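Participant: Fold the following.
(4 chains)
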2 protein chains.
Amino acid sequence: MGLSKTAFVILGMLRMGKRTGYEIKALVDVSTRHFWAASYGQIYPELKRLEEGGLIEGQAAETGKRRRREYELTASGERALHDWLTAGPPLHVELRHEGVLRFFFSAPLDPGEQVELLRSIRSEHATVRGELEAIRPAAETLEGEGNPPLSVLEWGIAYQDFVINWCSETERRIIEQTASGQRS
Amino acid sequence: MGLSKTAFVILGMLRMGKRTGYEIKALVDVSTRHFWAASYGQIYPELKRLEEGGLIEGQAAETGKRRRREYELTASGERALHDWLTAGPPLHVELRHEGVLRFFFSAPLDPGEQVELLRSIRSEHATVRGELEAIRPAAETLEGEGNPPLSVLEWGIAYQDFVINWCSETERRIIEQTASGQRS
DNA sequence: GGGCTCATGTAAGTGGTTACATGATTAT
DNA sequence: ATAATCATGTAACCACTTACATGAGCCC
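Facilitator: As a prediction, this is how the structure comes out:
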């Protein structure tokens, strides 16, 4: 059975402990979302498929509270996860960045508008950076013990910084060029 | 009419001159692909829609060679492009990176396997970096004159470098930690 | 009682890829 | 002659999002 990448997100999350679909979604939203998003519309059907495939096992939670179904990895699920982790390339990489796309086509804009565009790209990345920084304390206390490496969060923050700096730098160059152009 | 982002890729490409669908696809493959990919399955139907919407105009190319249909922007297409370029946020941003995802879930791996994973991420980014560097000469000669800014290509290269460095750094840390762990 | 969070689920739609079919022209 | 490239197109499929429906328990 060919598993989607998103299936491995679920397997990976379950490796860290029993979880409901709802909990998996909440975890995704504060972690993998930034490099692999997933919605309810994927998670719930995928949980069903994975259970049918014998990679996970669910049971109604004993707590007499709300109706909830907790899943855990089976041995074969753990194997599938490990196989995926150690499989070689190719690694799926996909980037869709409307800001860069606009700037790529920004020739019709005057310098002021170009700078404005770069500023809004920068501001959106600054927002994400803030979100990631907010997660840091929690991620730090969780480090080690089968939990995700902190370096992934650091990658995320550094990536935001990278884009932010590229924007600043590019804004600066445009402003400089415009000034010198007007002089000549 | 709500245009998809990919529609703007087409409008943007046509702003630089008359193009056939085939040519647009070829251009996308050496430029926007890295931050906004598009396939024939999108481009040809979208050309039809855009023409029906009056944003572009196509005509059978006069050259008596192959059957080909060249499109150009109409005034309203140009307006639509400009409106999109100057529209504010939100800017669609999406990243799917299987390498980082695997590393995020890499707790079950032993240090050697983790390093191996990082190495393969690094190698794939090095490949892309090479592709981008190969484009540079062409991009440099094209700069200015309503053409895309070189800084976008530089962004692409710097992004590859960023990931490559993050991998190296993280590999180094794992190797160091493992060595010190064995000593104790 | 009312609003929030927990919790599960699905239907409809979107956006996109893959793979194929077709055929003309050019280069070797 | 034949392989590569130019060129247009589409059908089937896949992954994913959005928006909604439903309801229970929790907190004020």
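
Participant: OK, contacts around the residue nearest in space to the middle of chain A?
Facilitator: By CA atoms, centre = their mean, chain A has its centre lying nearest to A:His34, at 1.9 Å. For A:His34, the contacting residues are A:128, A:132, A:156, B:95, by CB atoms under 8 Å, 6 or more residues apart in numbering or on different chains. The way it works is simple: take the backbone N, C-alpha and C, and place the C-beta from them, glycine included.

Participant: what residues are up against A:Glu143?
Facilitator: Counting by CB under 8 Å, 6+ apart, A:Glu143 has contacts A:149-150.

Participant: how near is it to B:Leu11?
Facilitator: For A:Glu143, the distance to B:Leu11 (CB to CB, to the nearest Å) stands at 47 Å.

Participant: Next up, the contacts around A:Ser76.
Facilitator: With contact set as CB under 8 Å, 6+ apart, A:Ser76 has these partners: A:54-55.

Participant: Secondary structure element holding it?
Facilitator: Using DSSP states H and E, A:Ser76 sits within helix A:75-86.

Participant: what about that helix, near DNA strand D?
Facilitator: No - figure legend: helix A:75-86 not in contact with DNA strand D (CB under 7 Å from any atom of the strand); closest approach 13.5 Å.

Participant: how far is that helix from where the chain is centred?
Facilitator: 21 Å (CA atoms, centre = their mean, to the nearest Å).

Participant: Next secondary structure after it?
Facilitator: Per DSSP H and E, the helix or strand that comes after helix A:75-86 is strand A:93-97.

Participant: which secondary structure elements does the helix or strand that that next one is followed by contact?
Facilitator: Downstream of strand A:93-97, the next assigned helix or strand under DSSP H and E is helix A:98-104. Other helices and strands packing on helix A:98-104, by 3 or more CB pairs under 8 Å, 6 or more residues apart in numbering or on different chains; DSSP states H and E, are helix A:111-142, helix B:5-15, helix B:150-183.

Participant: what's the pLDDT at A:Lys18?
Facilitator: Note for A:Lys18: predicted pLDDT of 96.

Participant: can you check A:Thr63 too?
Facilitator: What the model reports as pLDDT for A:Thr63 is 69.

Participant: just the one 10 residues further on next, same as before
Facilitator: The per-residue pLDDT reported for A:Leu73 equals 98.

Participant: Repeat that for the one 3 residues further on.
Facilitator: According to the per-residue confidence, A:Ser76 scores 97 in pLDDT.

Participant: List the buried residues of stretch A:148-157.
Facilitator: A:148-149, A:151-157 (16 or more other CB atoms under 10 Å in any protein chain shown).

Participant: okay, the residues you listed in TSV with pLDDT and distance to A:Arg15 next?
Facilitator: Formatted as TSV, the buried residues of stretch A:148-157 follow (pLDDT from 0 to 100; distance: CB to CB, whole Å):
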residue	pLDDT	distance to A:Arg15
A:Pro148	97	10
A:Pro149	97	14
A:Ser151	97	18
A:Val152	98	15
A:Leu153	98	18
A:Glu154	98	22
A:Trp155	98	20
A:Gly156	98	21
A:Ile157	98	25
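
Participant: which bits of chain A sit near DNA strand C?
Facilitator: Residues of chain A found near DNA strand C (CB under 7 Å from any atom of the strand) are A:20-23, A:26, A:40-41, A:44-45, A:47-48, A:65-70, A:96.

Participant: Restricted to helices, list those residues.
Facilitator: The members of those that map onto helices under DSSP state H are A:21-23, A:26, A:40-41, A:44-45, A:47-48.

Participant: Now chain A against DNA strand D: closest residue?
Facilitator: Per CB to the nearest atom of the strand, A:Gly41 is where chain A lies closest to DNA strand D, at 2.7 Å.

Participant: Could you list the domains of chain A?
Facilitator: Chain A breaks down into these domains under automatic domain parsing: A:5-86, A:98-183.

Participant: Can you give me the end-to-end span of the shortest one?
Facilitator: End-to-end span of domain A:5-86 (CA to CA, to the nearest Å): 14 Å.

Participant: how far out from the middle of the chain is that domain?
Facilitator: Using CA atoms, centre = their mean, the offset of domain A:5-86 from its chain centre is 16 Å.

Participant: Repeat that for the last one.
Facilitator: Chain-centre distance of domain A:98-183: 16 Å, with CA atoms, centre = their mean.

Participant: how about that domain, does it reach DNA strand D?
Facilitator: No - if you take CB under 7 Å from any atom of the strand as the test, domain A:98-183 misses DNA strand D, and the best it gets is 13.1 Å.
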